[in-house]
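Undergrad: Prediction below, plus the sequence it came from.
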Amino acid sequence: MSDWRRRFRLLVQGARLMVGVPDYDGYVAQRRHFNPEAPVMSRAEYVRRCGERRFGGRSPRGCC
């Protein structure tokens, strides 16, 4: 991968994390690297889990 692509990817990843968008591709890469046999959550499961961890099971809008 070229240097500018790597830097751009890291910039996009950082921007997403700042606004609360979880890094699913990073999760999958890390999971495959450290334990290739372990199951990997789907993107929807991962986003749901991150939302629960971030908002403690309450609605992100602060109501309901």
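TA: Here it is on my side, so go on.

Undergrad: State whether residue 38 and residue 31 are indeed in contact, as I suppose.
TA: Yes: at 6.1 Å, residue 38 counts as touching residue 31 under the criterion of Cβ atoms under 8 Å. For glycine as for every other residue, the C-beta is placed from the backbone atoms N, C-alpha and C.

Undergrad: if you count what's nearby, which of these two comes out ahead?
TA: Higher neighbour count among residue 38 and residue 31: residue 31, with 15 against 8, using other Cβ atoms under 10 Å.

Undergrad: Could you find the closest non-adjacent residue to the more buried one?
TA: residue 40 (5.3 Å; Cβ to Cβ, 6 or more residues apart in numbering).

Undergrad: Give me the neighbour count for the one you found.
TA: Residues lying near residue 40 (other Cβ under 10 Å) number 14.

Undergrad: Let's verify it: helix, strand, or coil?
TA: coil (DSSP: H, G, I helix; E, B strand; the rest coil).

Undergrad: Pull the contacting residues for it.
TA: Each residue near residue 40 by Cβ atoms under 8 Å, 6 or more residues apart in numbering is listed here: 27-28, 31-32.

Undergrad: CA atoms only for the lowest-mean-pLDDT helix or strand in the chain - export them in PDB, please.
TA: Lowest on mean pLDDT, DSSP states H and E among the helices and strands of the chain sits helix 43-55, with a mean of 86. The C-alpha trace of helix 43-55 is given here as PDB (Å, rounded to 0.1, in the frame of the first residue of the first chain):
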ATOM      1  CA  ARG A  43     -21.000  -5.500  11.100                       C
ATOM      2  CA  ALA A  44     -24.500  -5.000  12.500                       C
ATOM      3  CA  GLU A  45     -23.700  -7.000  15.700                       C
ATOM      4  CA  TYR A  46     -20.400  -5.000  16.100                       C
ATOM      5  CA  VAL A  47     -22.100  -1.600  15.700                       C
ATOM      6  CA  ARG A  48     -24.900  -2.700  18.200                       C
ATOM      7  CA  ARG A  49     -22.300  -3.800  20.700                       C
ATOM      8  CA  CYS A  50     -20.300  -0.600  20.400                       C
ATOM      9  CA  GLY A  51     -23.400   1.500  20.800                       C
ATOM     10  CA  GLU A  52     -24.400  -0.500  24.000                       C
ATOM     11  CA  ARG A  53     -20.900   0.000  25.400                       C
ATOM     12  CA  ARG A  54     -20.800   3.700  24.500                       C
ATOM     13  CA  PHE A  55     -24.300   4.600  25.700                       C
END
